[in-house]
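Engineer: Next one to model:
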Amino acid sequence: MLSIESNTPKKLREMIRQNGWVKPTAGLAKGYIQANLAALPKEQAFDFLLFAQRNPKSCPIIDVTKPGSGIPFNSAPSGNIKTDIPKYRIYRDGTLMEEVFDVTDIWDDNMVGFLIGCSFTFEEALQNNSISIRHIEENCNVPMYQTNIESIKAGIFEGPMVVSMRPMSEKDAIRAVQITSRFPSVHGAPVHIGNPQAIGIRDINSPDFGDRVTIKSGEVPVFWACGVTPQAVAMKVKPPLMITHAPGHMFITDLKNEQFSI
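Structural biologist: This next block holds a predicted model:
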């Protein structure tokens, strides 16, 4: 019998659709791309697409759905982004209103969904190079922080970059830069290594999203641009409605990680 981690993307999506998995998806579907979600009414969709193009480190686009559709034909034609993410967040006028397990009732013919590359993709490459991933070791969500790095504005969209953090030795940090540089479509190389305060993070032990992880003696924090950035942007520019994934709870695609390496 296959373990949950080695199940196929299709079977995992079916399990999630039936609320059989409502936890973060780090470590699932090894070898396959996972994606963040940002969904908006089509009136704001072009501005968001332009924002993503101008900020590819934070918002590398993997797929876009047709208005009203939840089917990401290019990345998972048997999937549905309205049902196949373990947990969603609903923002109205920039305020997080609720977390839900299905957004079918909210998704109307006006909604456009964007799937955004996720750093879980390059984590597999790091592990294959004997670099440990602390939040996987500790069975929790990756820590994420809002920074003082401003995104490039596009239309109505602007706001701070959110980063994810993985602690590692200085030697592993150098290797991690080399490895993750091969994945520009899923955030690529780190945006910062070392002093958190230099990018506006006051307390490394109090992430804005996700969970705190152990930073061992001799380790440095390594920060990557994160697909939770649209949530920080939503809180700033306050669109009437934005549907996102809950941090760490991703959409699992049929695309192979190797398709996104260079």
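
Engineer: so who does residue 245 touch?
Structural biologist: Taking CB atoms under 8 Å, 6 or more residues apart in numbering as the definition of contact, the neighbours of residue 245 are 36-37, 85, 87-89, 251. Where you see a C-beta, it was placed from the backbone N, CA and C, and this is true even at glycine.

Engineer: can you tell me which of these are in helices?
Structural biologist: For the contacts of residue 245, not one is inside helices, with DSSP state H as the criterion.

Engineer: just curious, which of those is nearest to residue 72?
Structural biologist: Of all the contacts of residue 245, the one sitting nearest residue 72 is residue 251; the distance, using CB to CB, is 7.6 Å.

Engineer: quick one on the thing from earlier: save the contacts of residue 245 as JSON lines, and put in distance to residue 125, pLDDT and neighbour count too.
Structural biologist: What follows is the contacts of residue 245, written out as JSON lines (distance: CB to CB, whole Å; pLDDT from 0 to 100; neighbours: other CB atoms under 10 Å):
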{"residue": "36", "distance to residue 125": "19", "pLDDT": "91", "neighbour count": "29"}
{"residue": "37", "distance to residue 125": "23", "pLDDT": "95", "neighbour count": "26"}
{"residue": "85", "distance to residue 125": "24", "pLDDT": "97", "neighbour count": "27"}
{"residue": "87", "distance to residue 125": "26", "pLDDT": "97", "neighbour count": "19"}
{"residue": "88", "distance to residue 125": "28", "pLDDT": "97", "neighbour count": "22"}
{"residue": "89", "distance to residue 125": "28", "pLDDT": "95", "neighbour count": "21"}
{"residue": "251", "distance to residue 125": "20", "pLDDT": "97", "neighbour count": "29"}
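
Engineer: any idea how far residue 74 lies from residue 248?
Structural biologist: Distance, residue 74 to residue 248, by CB to CB, to the nearest Å: 24 Å.

Engineer: who's more crowded, the two?
Structural biologist: Ranked by neighbour count (other CB atoms under 10 Å), residue 74 and residue 248 place residue 248 first, with 26 against 14.

Engineer: wait, is the more buried one part of a helix?
Structural biologist: No: using DSSP: H, G, I helix; E, B strand; the rest coil, the secondary structure at residue 248 is coil, not a helix.

Engineer: how about stretch 147-163: buried residues?
Structural biologist: When burial is assessed from 16 or more other CB atoms under 10 Å, stretch 147-163 yields the following buried residues: 147, 149, 151, 153-154, 157, 159-163.

Engineer: Show me the domain layout of this structure.
Structural biologist: The domain map for the chain lists 4-19+32-118+236-256, 120-225, with the assignment taken from automatic domain parsing.

Engineer: could you dump those to TSV with distance to residue 25?
Structural biologist: As requested, these are exported to TSV (distance: least, CB to CB, whole Å):
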stretch	distance to residue 25
domain 4-19+32-118+236-256	5
domain 120-225	7
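
Engineer: For the stretch 151-262 of the chain, give me the ranges with low pLDDT.
Structural biologist: Along the stretch 151-262 of the chain, the model assigns pLDDT under 70 to residues 260-262.

Engineer: just the helices in it please.
Structural biologist: Taking DSSP state H, counting those that start in this stretch to define them, one finds helices in the stretch 151-262 of the chain at 170-180, 229-237.

Engineer: Of the ones you listed, which is nearest residue 65?
Structural biologist: Taking CB to CB, helix 229-237 is the member of those nearest to residue 65, at 15.4 Å.

Engineer: Strands of this protein, residue ranges please.
Structural biologist: Per DSSP state E, the chain carries strands over the ranges 32-41, 61-64, 88-92, 95-100, 111-117, 144-150, 160-169, 192-193, 219-225, 242-245, 251-256.
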